[in-house]
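Visitor: The amino acid sequence is not available; the structure is as follows:
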């Protein structure tokens, strides 16, 4: 199997980010909150990316911040896809008033701007990792629900699904053995987008002060911590911003390749 250059670059970068997240305590030169120098020191052999706004090693903060960002975004994406796709498939298969009730409830949630909804919830609830994952996952599940339901409605009227129903197969079989395998292509494409949305959403919440709380950090929080340095020509805030962009591009390159690969395989089988 030949992998395109763009997909290979995406795979390497994505794997690098995730390996960094897994082995952060082993590869970070300093502790996450350890003050090791003066404020905004320039790059040196001792501090490869310099120091941040209170003298912590920026490279170590980047590694630990990436770990926090990737773990929370991954968990929120898994929650949103598990919840959204299951409910969307269920609504499409059952239909009737249950489908209408679920769809109208999702419409209600989607009518409220996601960021405002999250800010209201997090302003009255304790802000911790679990709460961030729940809020991000549930809000993002509405988008996954819409996509999975739309795909499942089309698949549900296909002949092979009707044949399974005539055989007396239960709804669980219909959802997981008939609809899910044939809905993977659009869901895989959406998976990359939703993961990046989770990264950007978490970064936005942290930048506004309702995301990851100090002394812990994520990339969005690091942009907030060091943004004043831009006025003085110090680029400490640009490093985490560049990492967010690099992660977004690499994951989307992989998602596009997987989508094209699955589409080609289906086309080949159909021929």
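Guide: Yep, it's here. Keep in mind that this is a model prediction, so the values were computed, not measured. Numbering: from 1, shown residues only.
Visitor: which residues in the chain form helices?
Guide: Ranges of helices in the chain, per DSSP state H, are 5-22, 24-27, 58-94, 96-111, 114-124, 129-156, 159-166, 171-173, 180-182, 184-207, 219-226, 238-270.
Visitor: quick one, which of those helices is nearest to residue 40?
Guide: Nearest to residue 40, of all the helices of the chain, is helix 219-226, at 7.8 Å by C-beta to C-beta. C-beta here means a position set from N, CA and C on the backbone, and glycine is covered the same way.
Visitor: Who are the packing partners of the closest one?
Guide: Where contact means 3 or more C-beta pairs under 8 Å, 6 or more residues apart in numbering; DSSP states H and E, helix 219-226 is packed against helix 58-94, helix 184-207, helix 238-270.
Visitor: So, low pLDDT: which residues of the chain?
Guide: Applying pLDDT under 70 to the chain picks out residues 1, 262-271.
Visitor: Just want the most central residue of it.
Guide: residue 195 (2.0 Å; C-alpha atoms, centre = their mean).
Visitor: Next one: it from residue 134, what distance?
Guide: Distance, residue 195 to residue 134, by C-beta to C-beta, to the nearest Å: 17 Å.
Visitor: what do you get for residue 152?
Guide: Going from residue 152 to residue 134 by C-beta to C-beta gives 25 Å.
Visitor: on that earlier part again, with distance to residue 118 as new columns, can the helices and strands packed on helix 219-226 be given to me in TSV?
Guide: Converted to TSV, the helices and strands packed on helix 219-226 look like this (distance: least, C-beta to C-beta, whole Å):
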stretch	distance to residue 118
helix 58-94	11
helix 184-207	6
helix 238-270	18
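Visitor: which one of those lies closest to residue 169?
Guide: Minimum separation from residue 169 across the helices and strands packed on helix 219-226 (C-beta to C-beta) falls at helix 58-94, 10.9 Å.
Visitor: mind listing what residue 128 touches?
Guide: By C-beta atoms under 8 Å, 6 or more residues apart in numbering, residue 128 lies in contact with residue 213.
Visitor: when you give positions from now on, start the count at 26
Guide: Okay, residue one is now 26; in that scheme the one you just asked about reads as residue 153.
Visitor: With adjacent residues omitted, what lies nearest to residue 156?
Guide: In space, and not counting its chain neighbours, residue 156 is closest to residue 150: 5.5 Å by C-beta to C-beta, 6 or more residues apart in numbering.
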